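Peer 1: Task: produce atomic coordinates for the following.
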Amino acid sequence: MLNNMSPQELSSCFDALNKKISEVTQTVKLGSLETYLTRKEVADLLKCDLSTLYHWTQKGLLKAYGIGNRVYYKLSEIEASLLPIHRLNHKK
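Peer 2: Numbers count the residues shown, from 1 in each chain. Next comes the predicted model:
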């Protein structure tokens, strides 16, 4: 297929391919942005009260970020803070 193409046609194919690669790269970069949640969103997500969320933050279990008087949490850090529960097998 490439044998029958002129240099100009081949160049235009490469230009189109480069443009598509740039579009995909931009989409991937935008998709990798961190997701920030408000206190209310985190409390709803974890099914807990805002006061519980406050205490977990004060104890260092969750890390909060702020702009002005607004408080946000990173979704990735919330997910990372969840620990697996190891259940003991009790013999009867």
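Peer 1: got a list of contacts for stretch 64-79?
Peer 2: 34-39, 42, 45-46, 57, 62-63 (C-beta atoms under 8 Å, 6 or more residues apart in numbering). Heads up, the C-betas are built off the backbone N, CA and C, glycines and all.
Peer 1: So this structure: which segments form each domain?
Peer 2: The chain breaks down into these domains under automatic domain parsing: 7-31, 36-81.
Peer 1: Single out the most deeply packed of those domains.
Peer 2: domain 36-81 (a mean of 13; mean count of other C-beta atoms under 10 Å).
Peer 1: just how off-centre is it within its chain?
Peer 2: 15 Å (C-alpha atoms, centre = their mean, to the nearest Å).
Peer 1: Spell out the secondary structure type for Tyr72.
Peer 2: Secondary structure assignment for Tyr72 (DSSP: H, G, I helix; E, B strand; the rest coil): strand.
Peer 1: whoops, Asn18 was the one
Peer 2: Look at Asn18: counting by three-state DSSP, its state is helix.
Peer 1: Using TSV, lay out the domains of the chain together with mean pLDDT and distance to Arg87.
Peer 2: Formatted as TSV, the domains of the chain follow (pLDDT from 0 to 100; distance: least, C-beta to C-beta, whole Å):
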stretch	mean pLDDT	distance to Arg87
domain 7-31	82	36
domain 36-81	96	20
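Peer 1: and Thr38, how far is that from Thr27?
Peer 2: Note on Thr38: its distance to Thr27, by C-beta to C-beta, to the nearest Å, is 26 Å.
Peer 1: how about the strands of the chain, start to end?
Peer 2: 36-38, 64-67, 70-74 (DSSP state E).
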